[in-house]
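1. Curious how this folds, go ahead:
(chains A and B)
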There are 2 protein chains.
Amino acid sequence: MIRTRAKVDFPVEQVRRFLEPGPVVLVSSKWKGKTDIMTMGWHTVMEFSPSLVGCVISCMNHSFQMVRNSRECVINVPTTALIDTVVGIGNTTGAETDKFHEFGLTADPAEYIGAPLIRECHANFECRLFDEALVDEYNFFIFEVVKAHVAKSPTYPATLHYTGDGIFSISRETISRRSLFTKGV
Amino acid sequence: MIRTRAKVDFPVEQVRRFLEPGPVVLVSSKWKGKTDIMTMGWHTVMEFSPSLVGCVISCMNHSFQMVRNSRECVINVPTTALIDTVVGIGNTTGAETDKFHEFGLTADPAEYIGAPLIRECHANFECRLFDEALVDEYNFFIFEVVKAHVAKSPTYPATLHYTGDGIFSISRETISRRSLFTKGV
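-> Next up, the predicted model:
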């Protein structure tokens, strides 16, 4: 049983706090009454406002058509507590598995979109497809984060960062150099 | 004085080991005889082979035109030992500063391109511009890594991950779940 914490609204133009460090995320989607979840490591912040995130969702994934057809998804940030769930979700396909049920995850309703939030994740970012210019060629989607929900604490959760070969690096320590920034942070 | 280690050739289709975890990187470039270095946190792996990396280089950066005109750059991965250098490079502009000189960094020649490698970084990826379709609209460059140089050890260096507000998260611990991967890693 994963402990979950109450979430609060978070400014969408500040989601870089959670995404720029490059964690593995879980992408949840919904299409024609069915949901899916996939593991994703290939994403980048692209703009603060509008809050844009670019990511590669391989067309080999069951989620690909669900995201493309619905034009939305939720980017959920798991902490290290969910490592085995993250791997399990990557090992299975939504064509055969109801992943919320299989992995004991809770689907909470989003505010602006139809895809569900994963309650057990530290942060949930509701996304709408913003630009699909590179989807055919690179499977590269540009999303706008339209609503962000983040657990009240900790401010900097321990996150998983995938390196390939079954190895994750873990980020659980922070260091401030704020006093050295002269041009803005 | 930053200790440097000898580097070896590394397979370009495996650079995800260093980039997918999402570290802050240093981008070095050269144009008309001058070099520049910028700090970059907005990047993502896009394909294994060809080895593609997408990244946002703001047109506000002095490096933007140098990279765009030369159509190449080096993506260098610093470790935590370089944290103050990373911040210093982000605080200054190449329009006024020779950053290699200012920060005591060593410019090593690349093999395939004109831009220099930063010797003090753990890894250096020689990149050629692969697709500029989204440069005008999003400052988003897609590069192909044509050559990778990586320090012999450690296999997983401690890296810096920027969260905004002058705060870095640090990744210096790894955990394997290889035994749980059933679909490939």
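
2. A:His149 contacts A:Lys7, doesn't it?
-> Yes. Using C-beta atoms under 8 Å, A:His149 is in contact with A:Lys7, at 4.3 Å. In this view, the C-beta of every residue, glycine as well, is placed from N, C-alpha and C.

3. Overlap in contacts, these two.
-> Jointly contacting A:His149 and A:Lys7 under the rule C-beta atoms under 8 Å, 6 or more residues apart in numbering or on different chains are A:Ala123, A:Asn124.

4. neighbour-wise, which of these two wins?
-> Legend: neighbour count by other C-beta atoms under 10 Å in any protein chain shown for A:His149 and A:Lys7, higher for A:His149 (22 against 18).

5. which ones are touching that one?
-> Taking C-beta under 8 Å, 6+ apart as the criterion, A:His149 is in contact with A:Lys7, A:Val8, A:Asp9, A:Phe10, A:Leu117, A:Ala123, A:Asn124, A:Phe125, A:Glu126.

6. try it again with 7 Å
-> Taking C-beta atoms under 7 Å, 6 or more residues apart in numbering or on different chains, we find A:His149 in contact with A:Lys7, A:Asp9, A:Phe10, A:Leu117, A:Ala123, A:Asn124.

7. do you know how far it is from chain B?
-> Between A:His149 and chain B the distance is 18 Å, computed by C-beta to the nearest C-beta, to the nearest Å.

8. mind checking which helix or strand that residue is in?
-> Following DSSP states H and E, one finds A:His149 within strand A:140-151.

9. mind listing the strands in chain A by residue range?
-> Under the criterion DSSP state E, strands of chain A are mapped to A:7-10, A:25-31, A:34-40, A:43-47, A:52-56, A:72-77, A:107-108, A:117-118, A:123-131, A:140-151, A:159-162, A:167-176.

10. can you put these in CSV and add distance to B:Arg71 and mean pLDDT?
-> Below are the strands of chain A laid out as CSV (distance: least, C-beta to C-beta, whole Å; pLDDT from 0 to 100):
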stretch, distance to B:Arg71, mean pLDDT
strand A:7-10, 38, 98
strand A:25-31, 32, 98
strand A:34-40, 29, 97
strand A:43-47, 21, 98
strand A:52-56, 21, 98
strand A:72-77, 32, 98
strand A:107-108, 46, 98
strand A:117-118, 41, 98
strand A:123-131, 23, 98
strand A:140-151, 20, 98
strand A:159-162, 30, 98
strand A:167-176, 32, 94
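
11. Could you provide those in CSV, with additional columns for distance to A:Ser63?
-> Shown next, in CSV, are these (distance: least, C-beta to C-beta, whole Å):
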stretch, distance to A:Ser63
strand A:7-10, 23
strand A:25-31, 5
strand A:34-40, 4
strand A:43-47, 14
strand A:52-56, 11
strand A:72-77, 8
strand A:107-108, 15
strand A:117-118, 13
strand A:123-131, 13
strand A:140-151, 11
strand A:159-162, 17
strand A:167-176, 21
